[in-house]
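Predicted model and sequence follow; I will ask about them next.
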Amino acid sequence: MQGKIKKHVMARLFPLEKSRNIGIMAHIDAGKTTTTERILFYTGRVYKLGEVDEGTATMDWMAQEQERGITITSASTTCFWKEHRINIIDTPGHVDFTVEVERSLRVLDGAVIILCAVGGVEPQSETVWRQAQRYHVPLIAYINKMDRIGCDFYGAIEQMRNRLGAKVIPMQIPIGVEESFTGIVDLVEMKAYIFERNSENLDFQTAEIPHDLLALAKGCRMQMIETAAEHDPVLMEKFVHNKEPGIDELKKAIRDAVIKYGYVPVFCGSSFRNIGIQPLLDGICEYLPSPLDVPPVEGIVPGTEKKEKRRTSDDEVFSALAFKIMADSYVGKLIFFRVYSGILKSGTHVYNANKKCKERIGKLLRMHANKQEIVEKVYAGDIAAAVGLKETKTGETICDVNRPIILESMHFPEPVVSLAIEPATQAAQDKLAVSLNRVQEEDPSFRVKYDKDTGQTIISGMGELHLEIIVDRLLREFKVEANVGKPQVAYKETISKTVEVENKFIQQTGGRGQYAHVALEMSKADRGQGVEFRSEISKGVIPREFIPAIKEGVLGSAGSGVLAGYPVIDVNVKLIGGSYHAVDSSDLAFRMAASMAFTDGLRKAQSVLLEPIMSLEAVIPAEYLGDVIGDLGSRRCKIESMDDRANAKVVRGVVPLAEMFGYATIIRSLTQGRGMYTIEPSYYFEVPKQIQEKLIGRRY
């Protein structure tokens with residue numbers, strides 16, 4: 001990352017009610033980065049339009065992003081529109097980088113979900129929708145690419161209702177479609193906005209609604225008012241008595257519906273043709289929340305179970321959440337954080353409540369993609385970056401030294417693909433280890449593990465592309481010489497029945513010995529739960545101070561199963577009994593006893609291998625449907641639905657990841673280059689017996 005640093009002393013120029021912290025998210029190729037680029041241009045943040053296809057988009061600054069024409073890492077910037085300050089995080093659309101969306105949504109107040117007018121609701125659209133729902137992030141939708149052949153504005157809205165369960169409020173309808181798409185009808189103001197295609201002109205023409213659209217616009221507006229009035233008694237009273245609501249009154253009701261009740265206003269346009277961006281910016285300012293509109297952040301006081309709230313106010317005590325780490329060749333490690341309360345000045349000390357340590361803030365920076373602006377202070381509601389925090393990691397809380405609080409962290413998905421990597425020379429060994437640690441620090445969905453059985457370093461990630469990008473960075477950015485193996489599936493292990501096991505660990509070597517005795521009950525847990533441990537022993541059976549050591553022994557052993565050394569998931573472990581010795585018992589003894597009991601339990605409970613199952617969506621020309629379906633059947637794919645989209649068939653199903661390596665080449669071959677597909681992790685499921693036997697045999 002390069003870029004000149006400007007020094008800039010900034011007081012609070014924008015009140016909190018005029019601030020917006022938003023994300024831009026979408027399925028890959030829905031036009032997300034192009035839309036962000038237009039927003040930056042029309043707000044005056046950049047003076048020349050960059051294009052994704054040419055590798056000149058402002059927010060895609062990494063070499064790997066420019067070469068591939070995709071967004072890999074989330075990038076933040078700030079722009080200004082009609083007296084509002086908008087902090088934007090542009091997130092990746094590819095499923096392999098979904099962790100970037102996850103951590104961005106955790107700290108945002110609102111988001112724009114972009115849908116392709118041709119593709120509608122696609123697999124990653126559903127993923128980012130679920131992520132937004134998890135963090136209760138209000139959304140507005142923007143249906144892009146209305147100039148494309150096969151676009152369907154109303155079909156995309158229907159898919160939002162059916163596939164996402166969204167409570168939509170269409171705010172606009174398009175004027176024309178495909179080549180004839182020239183503008184939009186604003187249903188709030190009942191005006192037509194006519195744009196000059198491909199023009200970079202900031203202005204557009206306001207006109208009367210075309211006669212052939214007037215009846216449709218009136219009907220859509222009535223539906224919009226009715227929907228907005230559902231939670232607004234005053235507006236409902238007017239609607240029932242056929243009274244025309246005021247424009248400000250209607251906008252307020254829609255804003256309340258979005259922020260309080262989860263409704264989604266829908267806009268449309270063509271970002272590439274520069275149509276619809278200014279009304280979208282108006283919608284962001286009018287309908288998405290300011291930091292004051294979201295509830296106070298809640299956290300736990302360290303060392304207690306006591307919950308505490310922090311209001312979004314400069315007068316409150318300081319608290320912030322670190323959500324991203326980035327290595328910068330110019331200033332070192334950058335920690336991105338969201339300030340939830342209070343003011344932070346550069347050069348001051350903060351407290352890392354998770355690590356229980358003090359850290360000093362070196363410089364405070366506002367980011368514009370990879371360019372940086374030094375500021376003296378950041379305020380409640382701001383998103384900024386800091387230099388100098390050595391211990392702080394993603395998801396940790398930094399706060400006032402005298403009033404510590406731990407804010408809720410974030411959920412990170414488990415990796416599904418692994419590969420072996422080794423240094424090309426002995427001299428490169430240390431450099432590889434340091435580089436892998438730096439990448440792991442930046443990316444919580446990337447894992448590094450040393451395999452004792454094979455003596456290899458195994459790296460794991462969210463998909464082939466994820467690992468390909470990381471390997472490319474190691475070679476080019478970190479200058480590491482390394483040899484890389486082929487991608488492998490990240491299998492897991494679990495148990496198939498409930499068992500009770502016990503183990504005694506006894507060692508006598510003269511003097512004080514070691515003694516521990518534990519009894520465990522192990523049972524199957526719900527899918528995706530991991531390993532859950534709880535104690536159900538009576539008081540006095542085992543002293544309370546040894547319980548954490550028993551839990552540590554269980555979770556430590558869960559990292560490597562008995563079948564083929566894969567991590568264990570979906571197991572409930574209950575401590576149901578045991579005994580201790582007043583002199584010889586220790587943390588070490590109970591850790592060892594629990595570890596051995598857990599391993600014994602895995603054998604007795606008939607462990608099985610689990611494999612990652614992926615959700616699949618393939619879009620293929622109708623004439624090749626039979627060939628593609630036949631090939632998918634040979635890959636253990638279960639077809640769940642088939643739909644029509646424009647002149648193609650959309651096949652949806654679930655398929656084991658192990659069967660999908662290199663499928664991009666296969667589908668191109670089967671469809672003469674016209675087919676495409678996407679897969680994303682869905683769940684883990686038991687491997688068929690004959691395949692399990694092969695895998696265990698191959699491992700040993």
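Arrived safely. Numbering: from 1, shown residues only.

mind listing what residue 556 touches?
Each residue near residue 556 by Cβ atoms under 8 Å, 6 or more residues apart in numbering is listed here: 591, 595. Where you see a C-beta, it was placed from the backbone N, CA and C, and this is true even at glycine.

quick one: the helix or strand containing it to chain centroid distance?
Residue 556 belongs to helix 547-557 when assigned by DSSP states H and E. Chain-centre distance of helix 547-557: 30 Å, with Cα atoms, centre = their mean, to the nearest Å.

Show me what the longest strand seen in the chain is packed up against.
Ranked by residue count, the top strand of the chain under DSSP state E comes out as strand 608-621. If you count contacts as 3 or more Cβ pairs under 8 Å, 6 or more residues apart in numbering; DSSP states H and E, strand 608-621 packs onto strand 492-494, helix 625-634, strand 648-656, strand 676-686, helix 689-699.

After the helix holding residue 556, which helix or strand is next?
Tracing the chain past helix 547-557, the next element assigned as helix or strand by DSSP H and E is strand 571-579.

Now do that next one, average pLDDT.
Averaged over strand 571-579, pLDDT sits at 95.

show me what contacts residue 186?
Counting by Cβ under 8 Å, 6+ apart, residue 186 has contacts 171-172, 192-193, 279.

which of the helices and strands packed on strand 608-621 sits most buried?
Among the helices and strands packed on strand 608-621, ranked by average contacts under mean count of other Cβ atoms under 10 Å, first place goes to strand 492-494 (a mean of 23).

Need the contact partners of that one.
524, 561-564, 566-571, 602, 607-611, 684.

if we go to 10 Å?
With contacts defined as Cβ atoms under 10 Å, 6 or more residues apart in numbering, strand 492-494 is touched by 414, 416, 524-525, 527, 529-531, 558, 560-571, 602, 605, 607-612, 684, 686-687.

about what we covered before: so which of the contacts of residue 186 comes closest to residue 624?
Distance to residue 624 across these (Cβ to Cβ) is lowest for residue 172, with 36.4 Å.

returning to what we had before: tell me what angle the helix holding residue 556 forms with strand 571-579.
Angle, helix 547-557 to strand 571-579, by axes from the mean of the first three to the mean of the last three Cα atoms, to 10 degrees: 140 degrees.

Can you pull out the low-pLDDT segments for the stretch 351-500 of the chain?
Where the stretch 351-500 of the chain drops to pLDDT under 70, the residues are 369-370, 453-454.

Which residue ranges of it form strands?
Secondary structure of the stretch 351-500 of the chain by DSSP state E, counting those that start in this stretch: the strands cover 357-360, 363-368, 371-375, 377-378, 383-387, 397-399, 406-407, 417-423, 447-451, 456-461, 482-484, 488-489, 492-494, 499-507.

per-residue confidence averaged over the helix holding residue 556?
95.

got the CA coordinates for it in CSV?
C-alpha atoms of helix 547-557 as CSV (Å, rounded to 0.1, in the frame of the first residue of the first chain):
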residue,chain,number,x,y,z
ILE,A,547,-12.7,-27.1,35.7
PRO,A,548,-11.0,-24.7,33.3
ALA,A,549,-8.0,-27.2,32.9
ILE,A,550,-10.5,-30.0,32.1
LYS,A,551,-12.2,-27.8,29.5
GLU,A,552,-8.7,-26.9,28.0
GLY,A,553,-7.8,-30.6,27.8
VAL,A,554,-11.1,-31.4,25.9
LEU,A,555,-10.9,-28.5,23.5
GLY,A,556,-7.2,-29.2,22.9
SER,A,557,-7.9,-32.8,21.9
